[in-house]
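Asks: Sequence first, predicted model second:
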Amino acid sequence: MQVRGFLLLLALILLAATAEAGKNKKEKGKKDGSECEDWRWGPCVPNSKDCGLGYREGTCKDESKKLKCKIPCNWKKKFGADCKYKFESWGGCSAQTGVKTRSGILKKALYNAQCEEIVYVTKPCSSKIKSKSKAKKGKGKD
């Protein structure tokens, strides 16, 4: 009988310890203890120049905080780094304008960014004609 009582007591202690550990994980998830859920985030502002490490400011009611962020240095798009798009393949080259065009449909807006649903991007057409003979270079007669 005493063994059964001891095992029951041990099981209750383990159950209480597990519940307490789960509670601590939930508290850690909040990080700053803020109860506010309607955060408004500004754009990522680089520390220097126009790319690299920086911060974004957020406000909620009378609270404010800053988060670290990063703008890739190859990101020069007019629609911003917080708007993520799924792009189609490049279209054909326009003989009149000399550019290719493709469109992108909004996939995700990070930090409540104001994003356009569809964007269009262009790039100059390649003036080089790609040749398959480059792969054979160096083989055969010189």
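Replies: Everything's here; your move. Numbers count the residues shown, from 1 in each chain.
Asks: Please pull up the helix or strand immediately following whichever strand or helix holds R102.
Replies: Following DSSP states H and E, one finds R102 within strand 99-109. Remark: after strand 99-109, the chain's next helix or strand is strand 118-124, criterion DSSP H and E.
Asks: average model confidence for that next one?
Replies: Throughout strand 118-124, pLDDT has a mean value of 91.
Asks: Report the angle between it and strand 99-109.
Replies: 140 degrees (axes from the mean of the first three to the mean of the last three C-alpha atoms, to 10 degrees).
Asks: Provide the strand pairings for the strand holding R102, with the direction of each partner.
Replies: Note on strand 99-109: by DSSP bridges, its sheet partners are strand 83-87 (antiparallel), strand 118-124 (antiparallel).
Asks: Please identify the buried residues of it?
Replies: Buried residues in strand 99-109, counted by 16 or more other C-beta atoms under 10 Å: 100, 104. C-beta coordinates here come from the backbone N, C-alpha and C atoms, glycine included.
Asks: Quick check: closest non-adjacent residue to P72.
Replies: The shortest distance from P72 to any non-neighbouring residue, by C-beta to C-beta, 6 or more residues apart in numbering, is to C51 (6.5 Å).
Asks: Okay then, goodbye and thanks.
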